[in-house]
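Visitor: one predicted model, sequence on top.
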Amino acid sequence: MAQVAATEVAPQATHDIKIRPDYPREYVVKKGDTLWGIASRFLEDPWYWPEIWYRNPQLENPHLIYPGDMLSLTYINGRPTVQVTREVVETAPAGEDHVVRTDT
């Protein structure tokens, strides 16, 4: 009697990640936002939050996004991307004080 070995093949992921049709071109992160919430809102599925993190190498920690960060929602090579831009605040170099004299 011949034995036939049955092997089960894992199904391949066929679901394409899509940005919701009503998405804004830009989104400013608000207090309380998370990548999970943003993925749920713009990518239709919160489980795609690593896509946002992966495509934004400037985000060292996916749990640290800040109010004021700008998200650009675009398609690149047919794939949705969410790019984060941080606002840069320039400050005067340390040690440079300005003295204003007044007559007293």
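Guide: Thanks, I have the structure now. These figures come from a predicted structure and were not determined experimentally.
Visitor: only C-alpha atoms for contact and neighbour calcs from this point on.
Guide: Fine.
Visitor: tell me which residues touch residue 34, please.
Guide: 63, 65 (Cα atoms under 8 Å, 6 or more residues apart in numbering).
Visitor: who are the packing partners of the lengthiest helix in the chain?
Guide: If you go by DSSP state H, the chain has its longest helix at helix 35-42. On a contact count with 3 or more Cα pairs under 8 Å, 6 or more residues apart in numbering; DSSP states H and E, helix 35-42 meets helix 49-54.
Visitor: buried sites along the helix it packs on?
Guide: 49, 51-53 (16 or more other Cα atoms under 10 Å).
Visitor: residue boundaries of the strands in this structure?
Guide: Per DSSP state E, the chain carries strands over the ranges 26-28, 70-76, 79-85.
Visitor: mean pLDDT for these: which is lowest?
Guide: Ranked by mean pLDDT, the strands of the chain bottom out at strand 79-85, with a mean of 63.
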